[in-house]
Each structure stands twice: as structure tokens, then as C-alpha cells.
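K.L.:
Compute the structure for the input listed below.
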Amino acid sequence: MGREMRRIRVQALKNQAVIADKCHVAECFIDRLRGLIGRRLEPDGGLLLPKCSSIHMWFMKFPIDVVFVKVLNTDNDNVRYMVTSVHASVKPWKALPLSDWKATDTLELPEGTVARSALIAGDELCTS
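P.N.:
Just a heads-up that it's a prediction; the model follows:
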């Protein structure tokens, strides 16, 4: 994924399913602005965009699943989230931005992750 970003594991609390085993965290402005543009997404990967409640799909080359989340609490590097909305198979070059103003962060995942893990709004996730 270009320059090194911190990696975390994202897991669903309801069934302990691993949502993303190798999720990169885009902590700086440039990484958040670039997102997945020009990057590949590993099958067990993801990209967490902190302090981001709106994304675009311009210049993207592949569809992704998008999960908007709200921080519930933080304990050192471990964060607990509540899913505020889920968008499966968001296509590249989607004309309008995708947003959820209830969310604090955005999780971009490989297409099919939402269906495989049965994520829905209200689910809780944790990172480690």
C-alpha cells in the first residue's frame, strides 16, 4: 500500500468474525485524501479512514464495501465502534459522494466482505 501505515485487525463482536485481518489506518491527511486510489486491496485487508464520514469513488478501479462507523470508546490502541451504515459493492466512479453524518470513521473493505460477515447497522466492531 505505498508508504507504511499502521495495521490493525477489525473483528465483529456479535460472532467474533474477522472483518479485516490486515487493515491499514490512514492517519495523515494525504493518506486519507488518497484512500485506495492507485492501491490494491488484499482479500483480508481494509483501509480505516479516521475522522472521515464521506468518501468518493473517483479514480477507483474496483468496487468495494463501505462501512461507516462511530467510535464508542478507546482503550490504548483498541477501539470499539458501532456500525452506522453499510454499503455493499460500491462501484468505481460513483458520481455522488457517499456519506453518513452519524459516523466518525469509514472502513473500506474488499467487495463481498459485508455479505460474508453479515454486517448490519448497529453491529459493534473492535480493533486490536
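
K.L.:
drop to CA atoms for contacts and neighbour counts, all remaining ones
P.N.:
Fine.

K.L.:
I'd like the mean pLDDT over stretch 86-100, please.
P.N.:
Mean pLDDT, computed over stretch 86-100, is 89.

K.L.:
Likewise for stretch 64-72?
P.N.:
pLDDT averaged over stretch 64-72 gives 97.

K.L.:
buried stuff in that stretch?
P.N.:
Residues of stretch 64-72 classed as buried: 64-71 (neighbour count, 16 or more other CA atoms under 10 Å).

K.L.:
cool, and stretch 18-37?
P.N.:
Quick answer for stretch 18-37 (16+ other CA under 10 Å): 18-26, 31-32, 35-36.

K.L.:
which residues of the protein fall in strands?
P.N.:
All strands of the chain, identified by DSSP state E, fall at 7-12, 18-25, 45-49, 54-55, 64-75, 78-90, 98-99, 105-110, 124-127.

K.L.:
quick check, nearest of the buried residues of stretch 64-72 to Ile55?
P.N.:
Closest approach to Ile55 among these (CA to CA): Val66, at 9.0 Å.

K.L.:
hmm, back to that, save the buried residues of stretch 18-37 as a markdown table, and put in pLDDT and distance to Gly122 too.
P.N.:
Listed next are the buried residues of stretch 18-37 as a markdown table, based on pLDDT from 0 to 100; distance: CA to CA, whole Å:
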| residue | pLDDT | distance to Gly122 |
| --- | --- | --- |
| Val18 | 96 | 17 |
| Ile19 | 97 | 15 |
| Ala20 | 98 | 18 |
| Asp21 | 97 | 21 |
| Lys22 | 96 | 23 |
| Cys23 | 97 | 21 |
| His24 | 95 | 23 |
| Val25 | 95 | 22 |
| Ala26 | 94 | 24 |
| Asp31 | 83 | 28 |
| Arg32 | 79 | 25 |
| Gly35 | 79 | 25 |
| Leu36 | 82 | 26 |
